[in-house]
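Enquirer: How does the following fold in three dimensions:
(2 chains)
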2 protein chains.
Amino acid sequence: MSARSVKIALIQMSMSADKAANLEKAKDRIREAASRGAELVCLPELFATPYFCQSEDASNFDLAEPMNGPTTEAMAAAARESKVAVVVPFFERRAPGVYHNSLVVVGPSGAVAGSYRKMHIPDDPLFYEKYYFTPGDLGFRSIESGPISVGPLICWDQWYPEAARLTAMSGAETLVYPTAIGWHPAEKAEFGAAQVSAWQTMQRAHAISNGLFVASVNRVGHEGPEDGGIEFWGHSFVADPFGVVLAEAGEGEETLVVTCDLSRIEWVRRNWPFFRDRRIDAYAGITSRFLDR
Amino acid sequence: MSARSVKIALIQMSMSADKAANLEKAKDRIREAASRGAELVCLPELFATPYFCQSEDASNFDLAEPMNGPTTEAMAAAARESKVAVVVPFFERRAPGVYHNSLVVVGPSGAVAGSYRKMHIPDDPLFYEKYYFTPGDLGFRSIESGPISVGPLICWDQWYPEAARLTAMSGAETLVYPTAIGWHPAEKAEFGAAQVSAWQTMQRAHAISNGLFVASVNRVGHEGPEDGGIEFWGHSFVADPFGVVLAEAGEGEETLVVTCDLSRIEWVRRNWPFFRDRRIDAYAGITSRFLDR
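Expert: Next up, the predicted model:
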């Protein structure tokens, strides 16, 4: 097994209402991550704007951009300047009335290597995403970013083993989850710790069952009214192919730079050969909604 | 949501070479669990015998029994006596040359409520199960045990999100994993803690992604040569539908009796409605072996 390691950076950041300022902050953080040796840099979900899904307001569609719009262009320039690959989430305007929660992966040359549109769309109080985002139609895929094969997924996708499995089966070496998850402040004391634990446990399990790295990068900061809103909980982390957490951020702004030894993937899969024994003859029911009796 | 709670017992035990003694021990433990209020009692994988899969030896097929053989009969009698449901794993002889790693679920009346044959068969050093066990052909299912709808799975199945998902979709309120997992003593110091963590994390994730209880009951004790063999690691546990570990055993013999509030299932699924958003239009690749590019 050849030794190959890649440094992945997770930029855990807060956002303001000023898109230009958010882009500038991201560019600064990319530069800093590159100076620390990062080769793949991951930004949080919808990092160019506040998390506007706290209300259903048609004027928020003005925040959307085409696939190769200003956010992609700014991050492609930063990638080229620092010679790093970047995972760039953005609010995509595809056509009037067709908007997606999307990302592009930009290679170190600044060229777009591939894109992904969020497949699983949540809808919960203050996370009114079904109003804004048409479910993705690109399926689950891997993107050759240059340093590493990236399996791009977004936030709510992280609760779906099917998404992780299909992305792994397409050849990903790491899943990357740009995320915007947080506490309702009124619930935090009672449920906060269990929510963070469930969120991390679920994603560590994707690493284990698929024998690959998982990199999850969340927003931080409080957005919305002082007596409500969402407190994005941070805790961005990288897990190795056996689910071991290699590094985990706190609840403030922070850039993690984590060395991932890619030979671990083959080592773990040789010793815990889960792919070998899948019962593909017995999984057809997965495409059913429920198996009523 | 109606309040309904069920007490689940996990009998974490060690086995001797004497089948009659193992059955007697299990009967005693079932009685004791019932006296503590248990309504569903779960035994470890192949609890009637030593873990014979440490070598490939055709004479070990003599240990197998038909579906309604002495092990089922003995446990059915214990179930009837104590008025509890019991999950009874056993080595099944179905026909000459067709053997399974199976279980039956016996109701409180002693009647067999349903059966399951291990679907995913491992094969690793000292776990030579592919030699002994024909892969199951009953698929993934739920069994009405009386107190609770049981989703029966066995050991290696626990690493497969597909198995947990399909069993949950068939209506299970709890997954039950009779297990025989342990350390190679020579590896324990280096890898032992990460292995137990991965094993528990994976199963907690099944609870979370499917919003149901998970009960995993392992063997304990060292079997095999003193300078080798397997040290079964115990750590049997019950997780709730949000992945919270309600109780966990140590590494010795122990019977856990755990109260499971079944209204938690609906409460968790209302608040984290993962089933609602499954992309069944995009999961067909799950029945592929791998998605080569």
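
Enquirer: residue boundaries of the strands in the stretch 1-150 of chain A?
Expert: A:5-12, A:40-42, A:85-95, A:98-106, A:112-117, A:143-144, A:149-152 (DSSP state E, counting those that start in this stretch).

Enquirer: out of the ones you listed, deepest packed?
Expert: Stretch with highest mean neighbour count among the strands of the stretch 1-150 of chain A: strand A:40-42 (a mean of 29; mean count of other Cβ atoms under 10 Å in any protein chain shown). Every C-beta, even on glycine, is put in place using the N, C-alpha and C of the backbone.

Enquirer: who does it pair up with?
Expert: With DSSP bridges as the test, strand A:40-42 is paired with strand A:5-12 (parallel), strand A:85-95 (parallel).

Enquirer: State the mean pLDDT of the last one.
Expert: Strand A:85-95 comes out with an average pLDDT of 98.

Enquirer: likewise stretch A:242-252?
Expert: Here the average pLDDT along stretch A:242-252 is 98.

Enquirer: likewise stretch A:13-27?
Expert: Mean predicted confidence for stretch A:13-27 is 98.

Enquirer: what comes up buried for that stretch?
Expert: The neighbour-count check on stretch A:13-27 (16 or more other Cβ atoms under 10 Å in any protein chain shown) flags A:13-15, A:19, A:22-23, A:25-27 as buried.

Enquirer: any low-confidence regions in the stretch 1-150 of chain A?
Expert: Within the stretch 1-150 of chain A, the ranges that satisfy pLDDT under 70 run A:1-2.

Enquirer: which stretches of it form helices?
Expert: With DSSP state H, counting those that start in this stretch as the criterion, the stretch 1-150 of chain A has helices at A:19-35, A:70-82, A:129-132.

Enquirer: tell me the most buried of these?
Expert: helix A:70-82 (a mean of 20).

Enquirer: So which other helices or strands are in contact with it?
Expert: In terms of contacts (3 or more Cβ pairs under 8 Å, 6 or more residues apart in numbering or on different chains; DSSP states H and E), helix A:70-82 is packed against helix A:19-35, strand A:85-95, strand A:98-106.

Enquirer: Give me the angle between the last one and strand A:85-95.
Expert: Counting by axes from the mean of the first three to the mean of the last three Cα atoms, to 10 degrees, strand A:98-106 lies at 160 degrees to strand A:85-95.

Enquirer: what do you get for the first one?
Expert: In terms of direction (the same axes, to 10 degrees), helix A:19-35 departs from strand A:85-95 by 150 degrees.

Enquirer: Figure out how far helix A:19-35 is from the centre of its chain.
Expert: 17 Å (Cα atoms, centre = their mean, to the nearest Å).

Enquirer: Can you convert the strands of the stretch 1-150 of chain A into JSON lines and add a column each for distance to residue A:248?
Expert: Below are the strands of the stretch 1-150 of chain A laid out as JSON lines (distance: least, Cβ to Cβ, whole Å):
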{"stretch": "strand A:5-12", "distance to residue A:248": "10"}
{"stretch": "strand A:40-42", "distance to residue A:248": "14"}
{"stretch": "strand A:85-95", "distance to residue A:248": "19"}
{"stretch": "strand A:98-106", "distance to residue A:248": "22"}
{"stretch": "strand A:112-117", "distance to residue A:248": "24"}
{"stretch": "strand A:143-144", "distance to residue A:248": "25"}
{"stretch": "strand A:149-152", "distance to residue A:248": "20"}
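
Enquirer: And those strands: which comes nearest residue A:194?
Expert: strand A:5-12 (21.2 Å; Cβ to Cβ).

Enquirer: Dump the closest one to CSV, keeping only the CA atoms.
Expert: Presented in CSV, the C-alpha positions along strand A:5-12 are these (Å, rounded to 0.1, in the frame of the first residue of the first chain):
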residue,chain,number,x,y,z
SER,A,5,-1.4,11.6,2.9
VAL,A,6,-3.5,14.7,2.4
LYS,A,7,-4.1,17.6,4.6
ILE,A,8,-7.7,18.6,4.8
ALA,A,9,-8.8,22.0,6.2
LEU,A,10,-12.2,22.7,7.7
ILE,A,11,-13.0,26.4,7.9
GLN,A,12,-15.5,26.7,10.8
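
Enquirer: Residue A:241 should be in a strand, yeah?
Expert: No. Using DSSP: H, G, I helix; E, B strand; the rest coil, the secondary structure at residue A:241 is coil, not a strand.

Enquirer: Roughly how far does it sit from residue A:48?
Expert: 32 Å (Cβ to Cβ, to the nearest Å).

Enquirer: Dump the strands paired with strand A:40-42 into TSV; add distance to residue B:75 as well.
Expert: Formatted as TSV, the strands paired with strand A:40-42 follow (distance: least, Cβ to Cβ, whole Å):
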stretch	distance to residue B:75
strand A:5-12	51
strand A:85-95	53
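
Enquirer: Can you tell me which of those is nearest to residue A:204?
Expert: Comparing the strands paired with strand A:40-42 under Cβ to Cβ, the one sitting nearest is strand A:5-12, at 15.3 Å.

Enquirer: Now for the buried residues of stretch A:13-27: which two are most distant?
Expert: Most distant of these, by Cβ to Cβ, are A:14 and A:27, 15.6 Å apart.
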